[in-house]
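[1] pasting the sequence and the predicted coordinates here, then a few questions.
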Amino acid sequence: MSNQTAGSTEKAPAATIPGPAPQKAGDGRLPRAARAAAWLLVGIVLLALPLLLPPFRTYLATVVLVYVIAVVGLNVVMGFSGQISISHAAFMGVGAYTTAVLMGRWELPFPLAALAGVLLATLLGYVVGLPALRIAGHYLALATLAFQLIVQSVIFNWESVTNGPRGIAVPPAVVGVFPLADRNLYYLVLVAALLSLLFVRNVVRSRVGRAWRAIRDKEIAASVFGVDVARYKTLAFGVSAAYAGLAGAMFAITVGFLDPAAFNLWESVKQLTMVLFGGLGTLVGPPLGATLLVLAPEFLTPFREHSLLVFYVVLLLVLIFLRGGLASGVSRTAAWVRRRRSGAPPPDAAVTAGAVTAVRDRPAPPAERPALTGGPVGEPMLTAGGVTVRFGGLIALEGVDLRVRDGEIKGLIGPNGAGKTTLFNVLTRVYPVHEGSVTFAGRDMLRLRPHQVVGAGLARTFQNVEMFRSMTALENVLVGRHHRDVCGLWRTGLRLPSARAEERRARDAARAALATLGLERYADTPAESLPLGVQRRLEIGLGVVAEPRLLMLDEPASGLTAGEAAALMDDVRRIRAAGVTVLLIEHNMRFVMGLSDSVTVLDHGRVIFDGSPQRAQSDPAVVAAYLGEVES
Amino acid sequence: MTVIQLLVNSLTLGAIYALVALGLVLVFKSSDLVNFGAGDWVLAGAYIALALLTAGLPLYLVLILAPLGGALMGLVIDRAVFRRIMSASPWTFVVASLAVGGLLRELAVLRYQSNHFPFPPVLSRDPVEVLGVRITPQNLWVLGATVVVVTALLLFFRYTTYGRALEAVAQNRVGAQIVGINLSRALMVTWALAGAVSAVAAVLIAPSTDVSPEIGLLLVKGFVAAALGGLDSLEGAVMGGVAVAAIETFTQVYLNQAAVDVVVYGLLLVVMWVRPAGLLGRRVVRRV
């Protein structure tokens, strides 16, 4: 589902729904030539429109474009980064009123006034986005609701500036000798809208966009793979508010008179409707939704007479029956037509069938360097000392010592509930530590924030495969590169040469990683429609492409068939042969004993054994932990 | 006016906010959802009561029938909308509940336009003096009824199996189903209860606000009350309501009428920022 956030708790097996939006997902798209022709046609129509229409209609088209700018921004925060905002109209109001007041009272020229409006809106966007660092879901919705109501109230009550409920007139804008009105204005807003859309398109397809979508799909995994969640969430709010501010400025000079009612809560809900109706998280959906819903009242009587009522009904119908919006409807239909025509099986069946053969087609792992096959080698790389973690009264880990040497494969085993995954969460800074120390390659890990861990050289996988489900296999692996790259919003949005070069390098590395794991054929398949075995290897690929010094795998073999597990053993050996140290949690004893140079055994949050796998199997304490105490 | 008198005056307003907040908390406790249309549910309850009254029913009968009408409304909304998006993500519900709220209000406008309708009080509105503080019997009735509603809900959640089952549903839907709770029925009960509580709130509020589409916005302050107290705490909702009303009253008297909304919603923003779980709520735990 492109409809990411909505997809996360989808009850039906999500894998059976062909995803509409993920780029290059293959099926749902029109052929290239058809798309080019469609865009050309849209372009010509947009350019010719004001020449064909009477002035009033041109005005209407301009208003449509203003809302296109607004919803493209709303889609950034809701569609791509998966955060909720019910205050978009308020940000638009900030932009509009700032522009109007600066032009009217201070007689600033329009470009300056608009710039001020955009900046103020952006700033407030960051402020409202701040709580997103700590809260999500309903709480965030409440925070944005609060902001909406505050802005509404300020506009209404600060009469000396905003003229309160009576509204405020916007002086006509002139740039140089050109009055910004009618056709001139239309073209100005058209250019702004197209550039806005282009910028977002570039960002979304880059490192920044992938970070947003990773947060949307699986926040904790995103942070473990190096995405600074807090920063990217507030960035999304800032960008979205900037777009709203720009739309507001354009709105002010287009309409010429600001009525506070244009920016109230219900207008925010209207903009939500536009985005959802068109297709959340798609590029063309929201503009389409805005166009249809702005025009509807002009052409359909029920819309005109009971505009809000009809809006709510449309919104509910979309939520119930068309959760991916129009865009998903279109691409789903296109996919269906194609399948019909080619008689091919649905994509998921093909994927599953392919997965079975994929494993066999790979080259054998390289022979291990003799030095690495023996016992532990090298200096200690990771040292945890006396780690204690408590959850309320429950002691999950108590004085745990763990040492992983450079170049070894270390097994971490123990019965269920022993604290193995908790230890992983400690090492990657997901859980706080109450006592103890963790040093990795000479660095004090406990001083790092979660997203900095991977940069320090420590990557991990999760017990319950935490993939970014709506993203393709390639995009998933690319998230593993996030921490190595640097290009941010501006460079990716403007597609500067540095950003393009960086993206090319990252894609090459990601493709290479997929190839090593024998997964290149799934590069463009959304992760959620891959079978579990492939997902597990893909997650390992994510870890590998991050180029860590230590890779921590949490039950990588669980749920795999014997054949898949054997292939995975080869993968792990290959990873180690490439110079990566591996720490492994596993219940599959053949797997862990066959791979590990040494094992540490945890039971009830304490270390009960540390040594070679052979000795572990005969150690009385270990046997007792697994089989229960022998009654004497 | 003395500070005590101001506080007493704000108590009734506090009860009004508390009643809206109770509807919110009730739903959150039993389904882990925030009904962003809660204010409009109360609004709808008020119009249900108004419709019954204009149909010629005596007031006492309206007081009994309106909650039943509210419960019915809850059932219908659950069936028609909420049930169908149950498997979608939380924000889908946020948007849907906003839309349902808006729809309820627009339907009311469709039928009654934007007119203000007076609603008869149960008791007299002539103030009497108690211990040097002036208060009307009607306000005492509102306060008393609020206490009864919150006590009943507290007892329901704390001591009845069904109340605890609802709380289980909120905390873990799958787990609740595994131990034999009928999820579908639990949600039905939740929404019926939410509708009924909204209607009770409505008949208590209506005499002092009149019945008009504008009260929906007034009632949004119930959200601040609920968030302040903690979204899952019934006691918190009442305390939050009282606190918000006191803050509002004092802002009005000592600062400025125009500043009220900014102060109150600013408070909501600050709560979400500093302590999203509210004063009495359970801490928001992040699970991996």
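    In hand now; what should we look at? Everything quoted here is computed from the prediction, not taken from an experiment.
[2] OK, contacts around the residue nearest to residue A:245 when sequence neighbours are not counted?
    In this structure, residue A:245 finds its nearest non-sequential neighbour in residue A:121, 2.8 Å apart by Cβ to Cβ, 6 or more residues apart in numbering or on different chains. The C-beta positions use only the backbone N, C-alpha and C, and glycine is treated the same way. Going by Cβ atoms under 8 Å, 6 or more residues apart in numbering or on different chains, residue A:121 touches A:91-92, A:94-95, A:98, A:241-242, A:244-245, A:248.
[3] number of residues surrounding residue 52?
    All of this refers to chain A. Residues lying near residue A:52 (other Cβ atoms under 10 Å in any protein chain shown) number 9.
[4] nope, chain B please
    Here the number of neighbours of residue B:52 (other Cβ under 10 Å) works out to 21.
[5] that one and chain A, how far apart?
    For residue B:52, the distance to chain A (Cβ to the nearest Cβ, to the nearest Å) stands at 23 Å.
[6] strands of the chain, start to end?
    Answering for chain A, as no chain was given. A:168-169, A:174-175, A:178-179, A:257-258, A:380-391, A:394-405, A:409-413, A:435-440, A:443-444, A:458-460, A:550-554, A:581-585, A:598-603, A:606-611 (DSSP state E).
[7] try chain B instead
    Using DSSP E, strands in chain B cover B:128-130, B:133-135.
[8] show me the contacts for whichever residue of the stretch 451-600 of chain A sits closest to chain B.
    Nearest residue of the stretch 451-600 of chain A to chain B (Cβ to the nearest Cβ) works out as residue A:462 at 8.3 Å. Counting by Cβ under 8 Å, 6+ apart, residue A:462 makes contact with A:221, A:539, A:554.
[9] let's go with 6 Å and repeat that
    residue A:554 (Cβ atoms under 6 Å, 6 or more residues apart in numbering or on different chains).
[10] need phi/psi at it.
    Dihedral angles of residue A:462 (phi, psi; degrees, to the nearest 10) stand at phi -110, psi 160.
[11] same deal with residue B:210?
    According to degrees, to the nearest 10, residue B:210 has phi 70, psi 170.
[12] pretty sure it sits against residue B:116.
    Yes - under the criterion of Cβ atoms under 6 Å, residue B:210 makes contact with residue B:116 at 4.5 Å.
[13] which of the two has more neighbours?
    residue B:210 (16 against 13).
[14] check contacts around that one.
    Counted by Cβ under 6 Å, 6+ apart, residue B:210 has contacts B:116, B:118.
[15] one more: residue A:38?
    Residue A:38 neighbours (Cβ under 6 Å, 6+ apart): none.
[16] and it, how far is that from chain B?
    From residue A:38 to chain B the distance is 30 Å (Cβ to the nearest Cβ).
[17] same deal with residue A:308?
    Counting by Cβ to the nearest Cβ - residue A:308 and chain B are separated by 5 Å.
[18] ditto for residue A:165
    For residue A:165 relative to chain B (Cβ to the nearest Cβ), the value is 12 Å.
[19] now swap in residue A:40 and tell me
    35 Å.
[20] residues near that residue, how many?
    10.
[21] need the per-residue pLDDT for it.
    We have a pLDDT of 90 for residue A:40.
[22] do you know how far it is from residue B:53?
    Noted for residue A:40: a distance of 63 Å to residue B:53, by Cβ to Cβ, to the nearest Å.
[23] mind listing what residue A:426 touches?
    Counting by Cβ under 6 Å, 6+ apart, residue A:426 has contacts A:387, A:433.
[24] any idea how far it is from residue A:386?
    Relative to residue A:386, residue A:426 is positioned 12 Å away (Cβ to Cβ).
[25] low-confidence ranges in the chain?
    Assuming you mean chain A. A:1-30, A:136, A:342-377, A:629-632 (pLDDT under 70).
[26] nope, chain B
    B:1, B:90, B:282-288.
[27] who in it is up against chain A?
    B:34, B:81, B:84-85, B:87-92, B:94-96, B:98-99, B:102-103, B:106, B:227, B:258, B:261-262, B:265, B:268-269, B:272-273, B:276, B:288 (Cβ under 6 Å from any Cβ of the partner chain).
[28] which residues in the stretch 101-250 of chain B form helices?
    B:137-159, B:161-171, B:173-178, B:183-209, B:215-218, B:221-229, B:234-250 (DSSP state H, counting those that start in this stretch).
[29] run a quick neighbour tally on residue A:37.
    12.
[30] turn the strands of chain A into JSON lines, including distance to residue A:473 and mean neighbour count.
    Supplementary listing: these in JSON lines, determined by distance: least, Cβ to Cβ, whole Å; neighbours: other Cβ atoms under 10 Å in any protein chain shown:
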{"stretch": "strand A:168-169", "distance to residue A:473": "53", "mean neighbour count": "16"}
{"stretch": "strand A:174-175", "distance to residue A:473": "49", "mean neighbour count": "12"}
{"stretch": "strand A:178-179", "distance to residue A:473": "51", "mean neighbour count": "12"}
{"stretch": "strand A:257-258", "distance to residue A:473": "49", "mean neighbour count": "18"}
{"stretch": "strand A:380-391", "distance to residue A:473": "29", "mean neighbour count": "18"}
{"stretch": "strand A:394-405", "distance to residue A:473": "29", "mean neighbour count": "19"}
{"stretch": "strand A:409-413", "distance to residue A:473": "26", "mean neighbour count": "25"}
{"stretch": "strand A:435-440", "distance to residue A:473": "29", "mean neighbour count": "17"}
{"stretch": "strand A:443-444", "distance to residue A:473": "32", "mean neighbour count": "12"}
{"stretch": "strand A:458-460", "distance to residue A:473": "17", "mean neighbour count": "28"}
{"stretch": "strand A:550-554", "distance to residue A:473": "18", "mean neighbour count": "24"}
{"stretch": "strand A:581-585", "distance to residue A:473": "22", "mean neighbour count": "24"}
{"stretch": "strand A:598-603", "distance to residue A:473": "32", "mean neighbour count": "23"}
{"stretch": "strand A:606-611", "distance to residue A:473": "37", "mean neighbour count": "17"}
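[31] out of the ones you listed, nearest to chain B?
    strand A:380-391 (9.5 Å).
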